[in-house]
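*Asks:* Prediction below, plus the sequence it came from.
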Amino acid sequence: MTSINVSTPWGIRSAAAGAAVAAALMLAGCAGGAPADPGAVSSTPTGSATSSPPSSPTPTPTAVYKPADASGPAQNVPVPVLPEVAKTETKEGAEAFAKYWFSVLSYSYETGDVATFESIEPPACAACQKVKEVIVNWNSEGRWLVGGKLTTPVADTTFEKDEAGNYKVAVQVRQEPLSYMRADGTIARTDPPMPDQGNLLVLAYKNGAWSVTELGSIVG
């Protein structure tokens with residue numbers, strides 16, 4: 001992933017940076033007899049009411065996640081969900097939002113869908129534009145991507161505002177090897193696994209929500 005080098009006096013270096021929901025509906029059936037006739041009781045029973053046994057709960061089938069492979073693109077990829085803590089202006093909230101941001105980017109790699117990523121990318125982010133171009137262009141004309149999934153073992157911030165009132169979050173990012181599949185199922189090329197990257201997200205908190213104002217790499 002292409003990054004923008006950001007010079008910052010914050011003092012975080014790459015060594016420090018090392019530091020779908022699926023729901024099923026249960027339907028239960030039940031049967032009940034009509035209330036008894038409140039009239040006179042006959043000495044000769046005319047019959048006994050029978051009741052149907054309750055039906056067994058029928059779970060709604062859930063779609064099964066299938067990662068992309070040589071046979072085709074990923075299926076039923078879980079959509080990243082913003083954690084509740086990531087909505088708060090706290091140290092934990094900033095770190096959770098940073099991890100969420102990269103999970104959305106990872107989702108775009110797997111699905112080719114960049115709509116959610118576009119809604120949370122920094123303005124005028126050249127690195128983001130390059131990433132989106134690769135994702136969109138390759139997920140067209142029957143092609144797809146295999147791998148490239150991003151994980152974030154560590155996200156850390158001092159939770160101190162800079163002069164602009166923003167917060168800096170250092171994020172350790174790990175990406176799986178990425179293969180570019182042609183429409184006929186052959187591999188165009190494979191990018192080897194990259195060393196863990198130290199990325200820097202500059203976050204702003206306004207109107208009860210986080211946003212990324214700048215994306216860069218931690219240099220040093």
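*Replies:* Now that the structure is in, tell me what you want to look at.
*Asks:* List the single closest residue to residue 181 in space, sequence neighbours excluded.
*Replies:* residue 144 (5.1 Å; CB to CB, 6 or more residues apart in numbering). In this view, the C-beta of every residue, glycine as well, is placed from N, C-alpha and C.
*Asks:* Can you give me the neighbour number for the one you found?
*Replies:* 21 (other CB atoms under 10 Å).
*Asks:* measure it to residue 98 for me?
*Replies:* 28 Å (CB to CB, to the nearest Å).
*Asks:* can you check residue 200 too?
*Replies:* Where residue 98 is concerned, residue 200 sits at a distance of 10 Å (CB to CB).
*Asks:* Can you pull the residues that touch both of those two?
*Replies:* 169, 171 (CB atoms under 8 Å, 6 or more residues apart in numbering).
*Asks:* Looking only at neighbour counts, state which of the two leads.
*Replies:* residue 98 (27 against 23).
*Asks:* Determine the three-state secondary structure at that one.
*Replies:* helix (DSSP: H, G, I helix; E, B strand; the rest coil).
*Asks:* Check what pLDDT it gets.
*Replies:* Per-residue pLDDT puts residue 98 at 98.
*Asks:* pretty sure it contacts residue 172?
*Replies:* No: in this structure, residue 98 is not within contact of residue 172 by CB atoms under 8 Å, at 10.5 Å.
*Asks:* Overlap in contacts, the two.
*Replies:* Joint contacts of residue 98 and residue 172 (CB under 8 Å, 6+ apart) are 152, 155.
*Asks:* Quick check: nearest residue in space to residue 193, chain neighbours excluded?
*Replies:* Closest to residue 193 by CB to CB, 6+ apart is residue 177, at 4.9 Å.
*Asks:* quick one on the thing from earlier: got phi/psi on the residue nearest to residue 181?
*Replies:* phi -160, psi 170 (degrees, to the nearest 10).
*Asks:* measure the closest residue to residue 191 other than its chain neighbours to residue 85 for me?
*Replies:* Using CB to CB, 6+ apart and skipping the chain neighbours, the partner closest in space to residue 191 is residue 178 (4.4 Å). Separation of residue 178 from residue 85 (CB to CB): 30 Å.
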